[in-house]
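Peer 1: Using only what follows, build the 3D model:
(one chain, ligands or ions: 1)
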Amino acid sequence: MERKSNFKFLLEVSGREKNKLYLAAIFSVISSVFAIGPYILMYNIILELFKESVSYEKIKSMAIIVSVIVVMRMIIFLASGIFSHVAAFTILYELRMKAVEHISKFNMGFFTGHTIGEVKKTINEDIEKLENFIAHQIPDLASAVVTPIIVISYLLYLNWKLALVLFIPIILAFLSQMAMFKGMKKRMEHYHELLEKLNSTIIQYINGMNVMKAFNLSAKSFKNYKDTTEEYAEYWIDITMESAPLYGVFLVLIDSGLLFIIPIGGIMFLNGSINSSTYILFLILSANFLTSFKQLLEFGSKFSMLLEGAGKVRNIIEQEGQVSGNRTLNEVIEGKIEFNNITFKYDKKEVIKDLSLTIEPKNIVALVGPSGSGKTTLGQLVGRFWDVQEGNITIDGIDIKHIKMEELMDKISFVFQNIFMLQDTILENIRMGSNKSEEEVIKASKKAQIHDFIMALPDGYNTLLGEHGIKLSGGEKQRISIARAILKDSPILILDEVTSYSDIENESKIQEALRTLLKDKTAIIIAHRLYTIKNVDKIVVLEEGKIVEQGDHNYLMNKNGLYRHLWDMYDYEVAEVKGGA
Ligand SMILES: Nc1ncnc2c1ncn2[C@@H]1O[C@H](COP(=O)(O)OP(=O)(O)OP(=O)(O)O)[C@@H](O)[C@H]1O
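Peer 2: Numbering: from 1, shown residues only. I've put the predicted structure just below:
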């Protein structure tokens, strides 16, 4: 069932460049027909040589025809390759763009359900395998089907009885192939699983190297990689051991065609049912016929591998993305956020439970609570990183699911702890694809307290970040990310407060930058350090996905509940640190 639809998908994908592919297939067939030409001429030359008076003129002209055919075949073969490759790379480009574009529509859930290794393998390797199918196998298949048909039809026409003899090795070889492919689909699925595992262990091993080194875990992780590589090697050894005998039988049977033709043809020749020329032609063409047939059967083995890969590509391309709403928002919005009886679970466990909360326009609300109480999740739900299962979230009374995704993203800025930097200049890292001018970027950077730092760099705003450029400290990245948000100037802000600052100077600069950023915005601060949120409009205390208290600092301190308890613990920790220092 799945196999069929994966095949359909392959045809559909290839169909986008069908004219080029038809041409490639036609040229490929012509080139294979031309490939038979030299055999026929060879046969005629042999016949000529057997004649009593050999005409060297005739042989010479046949030799010239053979060379012309060989050259023409080469040209036609090249043309077929050019058409199929142009088609393949056009399709591959489209598929890759589509896959990458489509991925951005998935909610974060997709990326927790699939490893980076898996996604990378699909976009790079599985799509690349389609190139093999489109550029090589479609034209090869066309000629592998057409050539044996032409040859066998001709042989049947010459002498159908002797031609039927050729079917004996074919039927036997076919049976051995069937035995070889039994359970192939399962094996191919296992092969792809192993390859993905191999990919993700490599990525994990390299990406996590610094953390693992710090914890002395690199040996363990290396062991994971080693084990997966071993498993992969064992898989191939098993497959080879299992299929090698059957493949050997297949090859022998296919090549045994002449074993049947020589004696049976010989007997027929001796009893006068065929003449010598027919006998010679059979000997020559049956070898050609069986080789093309071998190609056709071998195609089957590559094909099941390809279908499995095509299935993976489909999984990404046809995976339902997050449905964007179609409502647009006013240029200027109030920025009121309401959570109406929302319930959310990542998997089975409810992380947010029937929660309701209203955040008035331009108010700053801090979410506090023990680790794992759902603060980050609640913040991310506003940007539809995930969709709630029950209830709804509204902005100015409009359900966020109904708002156009681009509009929603335009109205919300996120400042996370884990800041992603593009491998680009600082200017572009602050601009983040917007068309804001350099002056505006500089203004935002000044407000974010990062301008002086940038100006002290050798290339200023044109300094490259990333692998080939400079590295930033955590606090500097934080200020760049604040500059991004100031420049974007969205009315709503979701801020995941950093847990620790590298130094006092950085800390005071970041606090100053945040004050500018938060001015006149509706903001949700996911708070980890209680003293930074003492003055916000409302503090919401979460525990196991529920609001247990809310109010301002003084109210909550007097209430003597969880908030007070968190403060007591916090004071104790701070005193400990100070005492220890
Ligand atoms: N991507 C995810 N997939 C599955 N479960 C998740 C995911 N992210 C968080 N969780 C779980 O959801 C719960 C709430 O997590 P969340 O990060 O929202 O809490 P938090 O209050 O922000 O915690 P912290 O203060 O430690 O950052 C936790 O039990 C966590 O394990």
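Peer 1: Please count neighbours and contacts with C-alpha atoms only from this point.
Peer 2: Noted.
Peer 1: Which parts of the stretch 151-300 of the chain are helices?
Peer 2: Taking DSSP state H, counting those that start in this stretch, the helices of the stretch 151-300 of the chain run over residues 160-165, 167-181, 184-207, 209-214, 218-255, 257-270, 276-317.
Peer 1: Which one of the ones you listed has the poorest average confidence?
Peer 2: When the helices of the stretch 151-300 of the chain are ranked by mean pLDDT, helix 209-214 comes last with a mean of 62.
Peer 1: Phe77 contacts Ser28, doesn't it?
Peer 2: Yes: between Phe77 and Ser28 there is a contact under CA atoms under 8 Å: 6.0 Å.
Peer 1: Let me know the secondary structure of Lys353.
Peer 2: Following DSSP: H, G, I helix; E, B strand; the rest coil, Lys353 is assigned to strand.
Peer 1: so what's it up against?
Peer 2: Listed by CA atoms under 8 Å, 6 or more residues apart in numbering, the contact set of Lys353 reads Asn341, Ile342, Thr343, Phe344, Gly545, Lys546.
Peer 1: Return the subset of the residues you listed lying in helices.
Peer 2: Counted as lying in helices by DSSP state H, out of the contacts of Lys353, is not a single one.
Peer 1: Looking at the residues you listed, which is nearest the ligand?
Peer 2: The ligand lies nearest to Gly545 out of these, by CA to the nearest ligand atom, at 7.4 Å.
Peer 1: isn't Ile393 right up against Ile342?
Peer 2: Yes: at 7.5 Å, Ile393 and Ile342 qualify as touching, with contact defined as CA under 8 Å.
Peer 1: Who has more neighbours out of the two?
Peer 2: Shown here are Ile393 and Ile342; by other CA atoms under 10 Å, Ile393 has more neighbours (26 against 21).
Peer 1: For the more buried one, which residues count as its bridge partners?
Peer 2: Counting by DSSP bridges, Ile393 is bridged to Phe339.
Peer 1: let's number from 34 now, not from 1
Peer 2: OK, 34 is where the count begins now, so the last one is Ile426.
Peer 1: Tell me the spacing between it and the ligand.
Peer 2: 16 Å (CA to the nearest ligand atom, to the nearest Å).
Peer 1: which residues are there in this structure that come within reach of the ligand?
Peer 2: Within reach of the ligand by CA under 6 Å from any ligand atom, the chain has these residues: Tyr379, Val384, Ser404, Gly405, Ser406, Gly407, Lys408, Thr409, Thr410.
Peer 1: Of those residues, grab the buried ones for PyMOL.
Peer 2: Remark: buried members of these, expressed as a PyMOL selection using 16 or more other CA atoms under 10 Å:
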select buried, resi 379+384+406+407+408+409+410
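Peer 1: quick one: which of the residues of the chain next to the ligand sit in helices?
Peer 2: Mapping the residues of the chain next to the ligand onto helices (DSSP H) picks out Lys408, Thr409, Thr410.
Peer 1: rewinding a little: got a PyMOL select line for the buried ones in the contacts of Lys386?
Peer 2: Buried residues among the contacts of Lys386 (16+ other CA under 10 Å), as a PyMOL selection:
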select buried, resi 374+375+376+377+578+579
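Peer 1: quick one on the thing from earlier: look at Phe110 and Ser61 and report which has more neighbours.
Peer 2: More crowded of Phe110 and Ser61, by other CA under 10 Å: Ser61, with 29 against 21.
Peer 1: any idea which element that one lies in?
Peer 2: Assigned by DSSP states H and E, Ser61 falls within helix 51-83.
Peer 1: so that helix versus helix 309-350, what angle?
Peer 2: 160 degrees (axes from the mean of the first three to the mean of the last three CA atoms, to 10 degrees).
Peer 1: Domain map for the chain?
Peer 2: Here the domain parsing of the chain from automatic domain parsing is 35-350, 370-613.
Peer 1: Can I get these in a markdown table including distance to Asn363?
Peer 2: Below are the domains of the chain laid out as a markdown table (distance: least, CA to CA, whole Å):
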| stretch | distance to Asn363 |
| --- | --- |
| domain 35-350 | 23 |
| domain 370-613 | 9 |
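Peer 1: start to end distance for stretch 449-464?
Peer 2: End-to-end distance for stretch 449-464, by CA to CA, to the nearest Å: 17 Å.
Peer 1: Give me the spatial nearest neighbour of the residue most central in space within the chain, chain neighbours excluded.
Peer 2: With distances taken as CA atoms, centre = their mean, the residue of the chain nearest its centroid is Ile156 (3.1 Å). In space, not counting the residues next to it along the chain, Ile156 is nearest to Arg129; the distance is 6.3 Å by CA to CA, 6 or more residues apart in numbering.
Peer 1: what about the one you found, helix or strand, and which?
Peer 2: For Arg129, the element it lies in under DSSP H and E is helix 89-136.
Peer 1: one step back: can you tell me how far the residue nearest to the centre of the chain sits from Val365?
Peer 2: From Ile156 across to Val365, the span is 39 Å (CA to CA).
Peer 1: Report how many residues lie close to the residue in the stretch 434-583 of the chain that the ligand sits nearest to.
Peer 2: Per CA to the nearest ligand atom, His561 is where the stretch 434-583 of the chain lies closest to the ligand, at 6.7 Å. Neighbours of His561 under the rule other CA under 10 Å: 21.
Peer 1: Phi, psi for it please.
Peer 2: phi -120, psi -30 (degrees, to the nearest 10).
Peer 1: what helix or strand is Glu582 on?
Peer 2: Applying DSSP H and E, one finds Glu582 within strand 579-584.
Peer 1: Backbone dihedrals for Ser389, please?
Peer 2: phi -130, psi 140.
Peer 1: Count the residues that sit near it.
Peer 2: Residues lying near Ser389 (other CA under 10 Å) number 16.
Peer 1: Which residue ranges of the stretch 484-614 of the chain form helices?
Peer 2: In the stretch 484-614 of the chain, the helices defined using DSSP H, counting those that start in this stretch lie at 484-488, 507-521, 537-551, 586-592, 595-613.
Peer 1: Now do the same for the longest one: mean pLDDT, whole number.
Peer 2: For helix 595-613, the mean per-residue pLDDT is 73.
Peer 1: same thing with the fourth one?
Peer 2: Mean pLDDT, helix 586-592: 92.
Peer 1: For that helix, which outside residues touch it?
Peer 2: Helix 586-592 has contacts (CA under 8 Å, 6+ apart) with Lys567, Asn568, Lys571, Ile572, Glu582, Gln583, Tyr596, Arg597.
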